[in-house]
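> Structure for the following, please:
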Amino acid sequence: MVGFLQACIDGLLIGALYALIGMGLALIFGVMRIVNFAHGAFLMVGMYATWVFFDRFNLNPYFGFLPAGILLFALGFLVYKLLIQPIRERSDLMQILMTTGIALILVDTAQLSFGADYHQTNIELVNRTLHLGPFVMNAASALSFAIAAVFIVGLHVYVGRTRTGQALRAIAQNREIAPLMGINVTRIQGLSFALGLAYAGIAGGLLLPALYLFPTVGDDYTLKAFVIVVLGGMGSIEGAAIGGLVLGVAESITSLYLGNQWALAIDFLLFLLVLSLKPSGIFGRQRT
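This next block holds a predicted model:
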């Protein structure tokens, strides 16, 4: 039983970062109805930005994730204006091809700029552990969980209680009626795309201390983001937060009983089960 509960704790720690990734993708889809296949690539950019701040300026990743998130916000708004806005009314296939192309450009640019070598931050906090009775937590993972929890609650409050958040929800519910209410759809969609990518960049920065960094590190997280969004309900940021925690716990328990090599398989299994049995996800309906 102790092993099972320890696996659940470990799963929640990583699941909070999954939640950040999923919430970013859910926000983009909910407001824009665009499936962003470049989400993992933008997460990778956030990781590289955090690593550059650490390597060149000796900035701890637990501070460096903030400027990385700001950089991803600015990059996201630029990408939206130059590449996404012109095709937002085009077919789904065109949108998929565009975001896939953006992902390839980002990965190739990272490889040309930094090479294919693995990088790591090697900060002291990663080697520290916290003891709570019979349970053990990595200090870096616990700090990442706490930071992620603040951003999860922050996005929930922002979308639920601010005027801009109301505009986001209005566009998600009915994009045709929203302009009649005085909402600048283009500006709000650009904001949602930039904010979704900023959350991916923040998650990347918080993941950096625990991972090796290389140009294609974000590929697996694109899959995880889609699983999370499907689990929570397409377009629901609350559902994405819960879906991220569920996925983290599911992977951790699978690793405990079946081995680490099966952790990725559980992503596919959950994805297929939810699509087959409850396509609307945990929340049962689309909402932001």
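> And the helices in the stretch 51-200 of the chain?
Along the stretch 51-200 of the chain, counting by DSSP state H, counting those that start in this stretch, helices occupy 61-79, 92-114, 139-161, 163-173, 185-207.
> Can you tell me which helices and strands the longest helix belonging to the chain packs against?
Longest helix in the chain, counting residues (DSSP state H): helix 2-32. Judged by 3 or more C-beta pairs under 8 Å, 6 or more residues apart in numbering; DSSP states H and E, the packing partners of helix 2-32 are helix 39-57, strand 135-138, helix 139-161, helix 163-173, helix 185-207, helix 219-232, helix 237-258. Glycine gets a C-beta too; all of them are placed from N, C-alpha and C.
> low-scoring stretches of this protein, by residue?
Scanning the chain for pLDDT under 70 picks out 282-288.
> how does it look with 50?
Scanning the chain for pLDDT under 50 picks out the ranges 286-288.
> doesn't Asn122 make contact with Pro61?
No. Counting by C-beta atoms under 8 Å, Pro61 does not reach Asn122; the two are 10.5 Å apart.
> and those two? which has more neighbours close in?
Using other C-beta atoms under 10 Å, the more surrounded residue of Pro61 and Asn122 is Pro61, with 25 against 9.
> so how far is Ala68 from that one?
Distance of Pro61 to Ala68, given as C-beta to C-beta, to the nearest Å: 9 Å.
> anything in contact with each of those two?
Common contact partners of Pro61 and Ala68 (C-beta atoms under 8 Å, 6 or more residues apart in numbering): Thr50, Phe53, Gly205.
> The spatially closest residue to Pro134 that is not a sequence neighbour: neighbour count?
Ranked by C-beta to C-beta, 6 or more residues apart in numbering and with sequence neighbours excluded, the top spatial neighbour of Pro134 is Val2, at 5.2 Å. Other residues lying near Val2 total 9 when counted by other C-beta under 10 Å.
> hang on, Val2 packs against Leu132?
No. Here Val2 lies out of contact with Leu132, judged by C-beta under 8 Å, at a distance of 11.8 Å.
> isn't Ala41 right up against Gly218?
Yes. Using C-beta under 8 Å, Ala41 is in contact with Gly218, at 5.1 Å.
> what touches both of the two?
What both Ala41 and Gly218 touch, as defined by C-beta under 8 Å, 6+ apart, is the set Val107.
> From Ala41, how far off is Ala225?
11 Å.
> With Trp51 instead?
Computed with C-beta to C-beta, the distance linking Trp51 and Ala41 is 15 Å.
> Give me the more crowded residue out of these two.
Neighbours per residue, other C-beta under 10 Å: of Trp51 and Ala41, the larger number sits with Ala41, 28 against 21.
> Enumerate every residue touching the more buried one.
Taking C-beta under 8 Å, 6+ apart, one finds Ile102, Ala103, Leu106, Val107, Gly218, Thr222 in contact with Ala41.
> So Gly218 sits against Asn36, correct?
No. Using C-beta under 8 Å, Gly218 makes no contact with Asn36, being 11.9 Å away.
> Neighbours of the nearest residue to Gly232 once chain neighbours are set aside, how many?
Excluding the flanking residues, the one nearest Gly232 by C-beta to C-beta, 6+ apart is Gly239, at 2.5 Å. Neighbour count for Gly239, taken as other C-beta under 10 Å: 29.
> got it, and Gly235?
Applying other C-beta under 10 Å, I find that Gly235 has 25 neighbouring residues.
> And it, how far from Met32?
In terms of C-beta to C-beta, Gly235 sits 10 Å off from Met32.
> Then Ala194?
With distances taken as C-beta to C-beta, Ala194 is found 11 Å from Met32.
> With neighbour numbers in mind, choose between the two.
Met32 (25 against 21).
> OK, contacts around the more buried one?
Met32 is in contact with Ile84, Arg88, Gln189, Ser192, Phe193, counting by C-beta under 8 Å, 6+ apart.
> Please repeat the previous calculation with a cut-off of 10 Å.
Residues in contact with Met32 (C-beta atoms under 10 Å, 6 or more residues apart in numbering) are 80, 84-85, 88, 95, 171-172, 175, 185, 188-190, 192-193, 196, 235.
> Before I go, just wanted to say thanks for your time.
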